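**Q** would you be able to build a 3D model of this:
(one chain, ligands or ions: 1)
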Amino acid sequence: MSKFLKSAALCFAAAMAHPVLAADCEFTVGTGDMLKFDVAEMTASASCDTVKVTLNHMGNLNAQVMGHNWVLAKTADVQAVAADGMSAGAASAYVKSGDGRVIAATAIIGGGESASVEFSIADLSVGGDYTFFCTFPGHSFVMRGKFKLEA
Ligand code: CO
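**A** Numbers count the residues shown, from 1 in each chain. As a prediction, this is how the structure comes out:
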């Protein structure tokens, strides 16, 4: 069975067992001209081979002024990832190149734009302490939420 089919089968099996889990491998997160994601917590199913997150910026301000991304890391690493991202600058989308602490990161987007990232959760643990946040300078302290993996 191909990896894709296996993934689809697992997601389908999870959806059959718990209808509300249908979206557990795929998330849509909204943001705008304020330092805010429209979700405070995301719970993914450990049965997903990959998780896909799409960030939609529904504001009007451009990426230079009010850019946002969606970055995932262990909660303990958030501050350092954000600090190194700020040092890396806009050219690196405020994520240090090759930062092994970053589990996933979208591009930085501005108003009217969307960005997606699909990533493996094979190295994440159920019950682990993960946080999603925005690494645009000054945003990570308020623009963040919990990411959980459930069995
Ligand atoms: Co932001």
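**Q** in a helix, Ala83, correct?
**A** Yes: under DSSP: H, G, I helix; E, B strand; the rest coil, Ala83 sits within a helix.
**Q** now stretch 46-53: buried residues?
**A** Neighbour counts over stretch 46-53 (16 or more other CB atoms under 10 Å) mark 46-51, 53 as buried. All C-beta spots, glycine's among them, are computed from the backbone N, C-alpha and C.
**Q** again, but for stretch 106-125
**A** 106-111, 113, 115, 117, 119, 121, 124.
**Q** residues in contact with Leu124?
**A** Contact analysis of Leu124 by CB atoms under 8 Å, 6 or more residues apart in numbering lists 46, 103, 130, 149.
**Q** how many neighbours does Val142 have?
**A** 12 (other CB atoms under 10 Å).
**Q** measure it to Ala76 for me?
**A** 19 Å (CB to CB, to the nearest Å).
**Q** what does Cys134 give?
**A** From Cys134 across to Ala76, the span is 18 Å (CB to CB).
**Q** so between those two, which is more surrounded?
**A** Cys134 (27 against 11).
**Q** can you pull the contacts of the more buried one?
**A** Taking CB under 8 Å, 6+ apart, we find Cys134 in contact with 31, 35, 37, 68-71, 140, 143-144.
**Q** quick one: pLDDT of it?
**A** The per-residue pLDDT reported for Cys134 equals 98.
**Q** so what's it closest to, chain neighbours aside?
**A** In space, Cys134 comes closest to Met143 once its chain neighbours are excluded; the distance is 4.0 Å by CB to CB, 6 or more residues apart in numbering.
**Q** check contacts around the one you found.
**A** The contact partners of Met143, by CB under 8 Å, 6+ apart, come to 31, 35-37, 68, 133-134, 136.
**Q** try 6 Å
**A** Shown in contact with Met143 (CB atoms under 6 Å, 6 or more residues apart in numbering): 35, 133-134.
**Q** circling back: which of the contacts of Cys134 sits closest to the ion?
**A** For the contacts of Cys134, the closest approach to the ion (CB to the ion) belongs to His68, at 3.5 Å.
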